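K.L.:
sequence first, predicted coordinates after that:
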Amino acid sequence: MTRRKLVAGNWKMNGSLACLDELDGIAAAAAESPGVDVAVAVPFTLIAPAAQRVPALMIGAEDVHEADSGAHTGCVSAGMVREAGARFAIVGHSERRADQGETSHDAWAKAAAARRHGLTVIACCGETEAERNADRAERVVQAQIEKSVPDHADGSWFTLAYEPRWAIGTGRTPTLEDIQSIHAIARAKLRMLVGDAADGIRILYGGSVTGDNAAGILSCPDVDGALVGGASLTAAKFVPIIRAAAAL
Ligand code: PGA
């Protein structure tokens, strides 16, 4: 089964209205790369202006609450971000696991909420450096997938992102062999959970992806795209990653 490559940015807690200029260049590169899906998750406050500015680009949220509404001060629901113009949501990012104590079960509930509101989902998993050094990366990732992937997940709305925590924002990446190996293990785990639908679910790699290493990473057979933090903040850095995906 062929899976279209997805190059997704994650602005994290960065950006401002002035930074939306960058989306123009990103949208132009996306338009020139019809074989690649391009998406950018931005802070909640930028979703509506970003979606209005570049309607052709998939704009998304970096998180959503698992409930549809209610007494959750400071939180934002999937329906709210959908109304603002988001088309997808990231759930289970390791920074939310580390900073907000979120669990794989939370990621599961948030993915289900996003689905209820017509959003597609990028659900994140990945081991810490200590877990990798203890040879536990595979088991950790398998357990995270088992707990966070909703029943009936399929490629029409669900994407997995493998992001080793020690590679995020550090300039370090696993070897291509290690990336492919974990992605193949992740797909095998998905197959146990959702059967043949696993073949249609994209698995992105995330963690220090740049224009320099994207071509190699994206060439791994079970890597279906990239989730990009720092290098998604400017068109100058993000466009080469889109072009690398388009060239495959
Ligand atoms: P990075 O972040 O590309 O800056 O390493 C990736 C991510 O956290 O999604």
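P.N.:
Cool, got the structure.
K.L.:
tell me the buried residues in stretch 25-34?
P.N.:
Neighbour counts over stretch 25-34 (16 or more other C-beta atoms under 10 Å) mark 26, 27, 28, 29, 30, 33 as buried. Quick note: C-beta positions are derived from backbone N, CA and C, even for glycine.
K.L.:
residue 43: which of those residues is nearest?
P.N.:
residue 26 (16.1 Å; C-beta to C-beta).
K.L.:
ok, and the closest non-adjacent residue to the closest residue to the ligand within the chain?
P.N.:
Closest approach between the chain and the ligand, counting by C-beta to the nearest ligand atom: residue 229, at 2.3 Å. Distances taken as C-beta to C-beta, 6 or more residues apart in numbering place residue 10 nearest to residue 229, at 5.1 Å, with adjacent residues excluded.
K.L.:
what's that neighbour sitting at in phi/psi?
P.N.:
Note on residue 10: its backbone torsions stand at phi -140, psi 110 [degrees, to the nearest 10].
K.L.:
contacting residues for it?
P.N.:
Residue 10 is in contact with 40, 41, 62, 90, 93, 206, 227, 228, 229, 232, counting by C-beta atoms under 8 Å, 6 or more residues apart in numbering.
K.L.:
before we move on, back to that, touching, the residue of the chain closest to the ligand and residue 12? I think so.
P.N.:
Yes: counting by C-beta atoms under 8 Å, residue 229 does reach residue 12; the two are 6.0 Å apart.
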